[in-house]
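Colleague: Sequence first, then the predicted structure:
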Amino acid sequence: MSPERDMDERDDLLAAEYALGTLPHAERVAFERRLAGDAALRARVARWDGHFAPLSDGIEPIAPPDSVLDAVEARLFGTPARPTGWWDSIRLWRVLAIASLTAIVALTVIYSRAIVPPGPQPTFVTEVSGETSDVRLLALYDAATGTLRLHRTAGTPAAGRDFQLWIIAGDRAPVSLGILPAEAGSAYAVPDDVRPLFSETAVLAISDEPAGGSPTGQPTGAVLATGPVVRI
Amino acid sequence: MSASPEIDRLIAQTALQDRAAFRDLYGRTSAKLFGVCLRILKDRAEAEEALQEVYVKIWNRASTFAVSDTSAMSWLIAVARNHAIDLIRARKPEAVDIEELADLADERKTPEGEAINASEGRRISVCLEELDGRHAEAVRGAYVEGFSYQELADRFEIPVNTMRTWLRRSLAKLKECLER
C-alpha cells in the first residue's frame, strides 16, 4: 500500500470516528481544526454522517419548550418574532420580496443618486435577466461583509452546461463570480480582490458555459442575461 | 437518509436570511434534534441550551450546506450531534491510544473515494448485521447515546485501548460493506 493510500485510509477512519463521536477530546479538537481548512476531509465526514444518519431513526422526537425558539430568535434577530396567519406565509413573503426588490431597482434607476446619500458600507442590487433566455437572477451584494446573495427566480442550464456569473467593471475584462449553484438561493463571500469591482458602473452577466465553468477564465459561451449594478 | 426536498429548500432559504423559512425549518426539525441532543446529554436543561446553540449554528452555517452533497436531515442531525458530543467530550477529556494500527489499514482492498448516494444510507443497518453482535451494539451505542471509548470499555468489560481497536476494525469493516 502506498503511503498516500495509507494516509487516506487513516483519514477516513478518523473521519468515521469523528462522525460517530468516539474520537477522544484532544484528537477531536485537533481534527476539527484540520476540518476547517480541508474540504476533502469535510467530504469524508459528510459521507460518514450520511451513512450513520439512519441510526437516528430510532430516536424518539421530543418537542422542545417554546422558550428555546424564543431564545434562538432573540439571539439572532434581537427580538423574538412569532407572528401567525398570513404573516407566516412563505409564499407571500417570497412574492413580496421579489416584487419589492424589482421596485427598488426601478426606483433607484429613476431617481438616481440624489436621494440616497452615499453611506460608508453600501449595498448593491442587480436584477439579471435577458431577452433571449428565461434565466432571471436577483443578486444582492453587501459591501460591509463582502457577501453576495443570489436568488434565481427562473431558468436552468442545459444538460451538461452551467450558468456562470460575471462582473464587468467599466471597460475591464469580465471577472468570474462563480458557477450559479443548482439551488435557487445561495450566498457566499466574494474574494477580497473582486470586492472593489462592485460599483454603480458595473454590470453583472450570466453566460452559458461547459459544466464546471469557462475553461479560459473568460466567458466562452453566449451571454444570456445582464443587469446593471445598482446602489441602494 | 430519505430525501427531503422540502427541508433542503428551507435550509437554502435560511441561507438567504429568510427568517420565516428558518422558523418553519425549526418547526419541522426541532423535535428530532431535541431528541438527539437529549439522548446524548441525558439532561433536559442542558439539552435545551444545546438545542439553542444548534439552531444558531444552523442559521449561521446554512450557506455551507448549499455547497455540500449531504442530505438535509443528515446535515442537521450531524450539526446537533457534533455540538452535543463536543460538550460531553470536553466535560470528561480522555486520551485513548490505538493498538495494532499498522495491520488495520491493510485489511481493506476497496478503492477509495466512491461517492455514496445519500439514498443508500439505509444500508448501514444491513452492514451492521454483518458485524459481530457486540461490535454492532458498540457502534449503535456510540452513535445514539454518545458513549466514549471509556464508557464502551466499561460496558463491554474490556481495556479501553482494546475497545478502540475493536471499534476501528468495525468501522473499517462497515466501510468495506457500505462501499461494496
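Modeller: It's in. Numbering: from 1, shown residues only, chains lettered A, B, ... in the order given.
Colleague: Model confidence score at residue 58, please.
Modeller: If you meant another chain, say so; for now it's chain A. pLDDT for residue A:58: 90.
Colleague: meant chain B actually
Modeller: pLDDT, residue B:58: 97.
Colleague: OK, contacts around it?
Modeller: For residue B:58, the contact set (Cβ atoms under 8 Å, 6 or more residues apart in numbering or on different chains) comprises B:11, B:14, B:22, B:25, B:76, B:79. (Glycine included, C-beta is placed from N, CA and C.)
Colleague: Surely the third one is in contact with residue B:60?
Modeller: No - with contact taken as Cβ atoms under 8 Å, residue B:22 and residue B:60 are classed as non-touching, separated by 11.0 Å.
Colleague: More neighbours: these two, which one.
Modeller: Per other Cβ atoms under 10 Å in any protein chain shown, whichever of residue B:22 and residue B:60 has more neighbours is residue B:22, with 25 against 12.
Colleague: Show me which positions of the helix or strand encompassing the more buried one end up buried.
Modeller: Using DSSP states H and E, residue B:22 sits in helix B:19-41. Of the residues in helix B:19-41, B:19-26, B:29-30, B:32-41 count as buried by neighbour count, 16 or more other Cβ atoms under 10 Å in any protein chain shown.
Colleague: do the same with stretch A:50-67
Modeller: In stretch A:50-67, counting by 16+ other Cβ under 10 Å, buried: A:50-56, A:59, A:62, A:64.
Colleague: Start and end of that stretch, how far apart?
Modeller: Start and end residues of stretch A:50-67 are separated by 30 Å (Cα to Cα, to the nearest Å).
Colleague: is it anywhere near chain B?
Modeller: Yes - using Cβ under 8 Å from any Cβ of the partner chain as the criterion, contacts between stretch A:50-67 and chain B involve A:50-56, A:58-65, A:67.
Colleague: Quick check: of the residues you listed, which lies closest to residue A:27?
Modeller: Nearest to residue A:27 among those: residue A:52, at 18.3 Å, using Cβ to Cβ.
Colleague: got the contact list for the closest one?
Modeller: A:19-20, B:124, B:143.
Colleague: Looking at those residues, which has the smallest pLDDT value?
Modeller: Lowest pLDDT among the contacts of residue A:52: residue B:124, 92.
Colleague: Show me the shaky parts of the chain.
Modeller: You didn't pick a chain, so chain A it is. Applying pLDDT under 70 to chain A flags residues A:1-2, A:79-93, A:108-120, A:131-132.
Colleague: That was the other one, I meant chain B.
Modeller: B:1-3, B:66-69, B:98-122.
Colleague: Helices along that one, start to end?
Modeller: B:5-15, B:19-41, B:44-66, B:72-91, B:102-105, B:123-129, B:133-145, B:149-156, B:160-178 (DSSP state H).
Colleague: Output the contacts of residue B:58 as TSV; include the columns distance to residue A:212.
Modeller: Converted to TSV, the contacts of residue B:58 look like this (distance: Cβ to Cβ, whole Å):
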residue	distance to residue A:212
B:11	24
B:14	27
B:22	32
B:25	31
B:76	29
B:79	29
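Colleague: Would you point out the most distant pair within these?
Modeller: Largest pairwise distance in the contacts of residue B:58, by Cβ to Cβ, is 13.7 Å, between B:22 and B:79.
Colleague: Which secondary structure element is home to residue A:209?
Modeller: Applying DSSP H and E, one finds residue A:209 within strand A:202-210.
Colleague: what's the helix or strand just after that strand in contact with?
Modeller: Downstream of strand A:202-210, the next assigned helix or strand under DSSP H and E is strand A:223-228. Applying Cβ under 8 Å, 6+ apart, the set of residues contacting strand A:223-228 from outside is A:109, A:126-130, A:132-133, A:135-137, A:139, A:155, A:163, A:200, A:202-208.
Colleague: Tell me the buried residues within those.
Modeller: Buried among these (16+ other Cβ under 10 Å): A:126-130, A:133, A:135-137, A:139, A:155, A:163, A:202-208.
Colleague: follow-up on the earlier one: could you find which two of the buried residues of stretch A:50-67 are furthest from each other?
Modeller: Longest span within the buried residues of stretch A:50-67, Cβ to Cβ: A:51 and A:64, 27.0 Å.
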